[in-house]
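Chemist: Can you look at this prediction? I've put the sequence above it.
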Amino acid sequence: MYGSIQSHKHACERIDGTVAGIGTMVLDGMLNTICQRRSPSLELLTCLSVRSAVPAQCGFAGRTVLNILHVAVVVGASGLCAASPLLAEGVGVAPTVFRATQGEIVEIVLSVSDRSTTVTGTWRGTNVPFFSLSDSTTMVGLVGADLASKLGKDALNVTMTSPQGTETRRFFIEVVDASFPVQRLTLPKNMVDLDVATLKRVRKEAKHLRSIFAHTRVPRAWTDSFVAPLDGKISGAFGRRRFINGQKKNPHTGEDISAPQGAQVQASNRGIVRLATEQFFSGKSILIDHGLGLFTMYFHLSEMLVNEGDTVDRGAVIGLVGSTGRATGPHLHWGARLNNARVDPYELIRMNVGSSRTNVRAQ
Ligand SMILES: [Zn+2]
């Protein structure tokens, strides 16, 4: 099916033969683009974005009603097309289904020819914010599939508005079971069976976090790709369903990276520090707001080197590895939230979110 990718690598073109913008933007070290002209009379283009070394991706066509050239969708590393819309007859008309495993991010890239076009989306009652890259004609939306997201297929409605009018396109995102493994831990009783005062504290801390996640304070703060907060052995613990001292507890919402006590932890991207405090479970904790509902978290630190309200750049040292809070040894718990979906933070790196398809700097 994908055997002819190389020979079609530069085949993304408009009906009139000019090269489509998205073709050059998608085409970089990580992504290739294969396109097929389906029906010249309908001015349809189909476009399949393929990450090299990743088995399958998704693509579909957009009509030129609003001079929208086409839409390309890339899903997470393990994502597969639920169907083969690219090859189906009537492509661009039939509903198109994209698949995301729990904890993954779906990235939607639209190329619009009118710079004044605004794009909004909704999926399962949650807004999907779109942002433009610096060329002003590439719009990117991010959808997170929570690690415990309900399985199944729901509509993603994308509304594009320009001076010529409004068009809504309906697509579907299907969430697939990640089958996260079960983890059984034994911890000191006082860290599991909480007394009344501790329970009160934990609830207050959770409420505060929820209020932060609900109110992103900045527009998109990042312009470069995300980086890992430090080098270290990744435990693969994201999403694990935990039983602590035999009791069913919340799943593990981030990834644990083992590193020596005192190792430097860097901000995985630019943003504003919204939390820098000590909490019962997460110990000394830093939370960075990257804008557009995207947050990263750094837990169990021995030292916090930034304050709430600080703006930090990508790679800035924000703290040191420790084992504060409920931790069995020095490690960093790195977490990510995308519009309240608890996603695997390494998705931000794997997806090269919001920066991979362009060589130009974002706004
Ligand atoms: Zn952890």
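Modeler: Yep, that arrived. Just so it is clear, the model here is predicted, and its values are computed rather than measured.
Chemist: residues in contact with the helix or strand hosting residue 320?
Modeler: Secondary structure assignment for residue 320, by DSSP states H and E: strand 317-321. When contacts are defined by CB atoms under 8 Å, 6 or more residues apart in numbering, strand 317-321 is touched by residues 230, 259-267, 273, 284, 286, 288, 298, 300-306, 312, 330-332. For every residue, glycine as well, the C-beta is placed using N, CA and C.
Chemist: Where does the chain get nearest to the ion, residue-wise?
Modeler: Nearest to the ion in the chain, going by CB to the ion, is residue 333, at a distance of 3.3 Å.
Chemist: What is the neighbour count of the spatially closest residue to that residue that is not a sequence neighbour?
Modeler: Counting by CB to CB, 6 or more residues apart in numbering, residue 299 is the residue found nearest to residue 333 once chain neighbours are left out, at 3.9 Å. Around residue 299 there are 26 other residues, counting by other CB atoms under 10 Å.
Chemist: try residue 108
Modeler: Under the neighbour criterion other CB under 10 Å, residue 108 is assigned a count of 24.
Chemist: Which strands border the helix or strand it falls within, and is each parallel or antiparallel?
Modeler: Take DSSP H and E as the rule and residue 108 turns out to sit in strand 105-112. Here strand 105-112 has these sheet partners by DSSP bridges: strand 68-74 (antiparallel), strand 138-144 (antiparallel).
Chemist: Quick check: mean pLDDT of the first one?
Modeler: For strand 68-74, the mean per-residue pLDDT is 36.
Chemist: and what of stretch 207-223?
Modeler: The average pLDDT within stretch 207-223 is 90.
Chemist: Ok, stretch 279-292 next?
Modeler: Rounded mean pLDDT across stretch 279-292 is 96.
Chemist: One more: stretch 334-342?
Modeler: Stretch 334-342 comes out at a mean pLDDT of 96.
Chemist: And for stretch 115-127?
Modeler: If you average the pLDDT values across stretch 115-127, you get 89.
Chemist: list the buried ones in that stretch?
Modeler: If you call a residue buried by 16 or more other CB atoms under 10 Å, then stretch 115-127 has these buried ones: 117, 119-121, 123-124, 126.
Chemist: where does residue 348 fall, helix, sheet strand or coil?
Modeler: What DSSP: H, G, I helix; E, B strand; the rest coil gives for residue 348 is helix.
Chemist: I'd guessed it sits against residue 271; true?
Modeler: No: checked against CB atoms under 8 Å, the pair residue 348 and residue 271 is beyond contact range at 11.9 Å.
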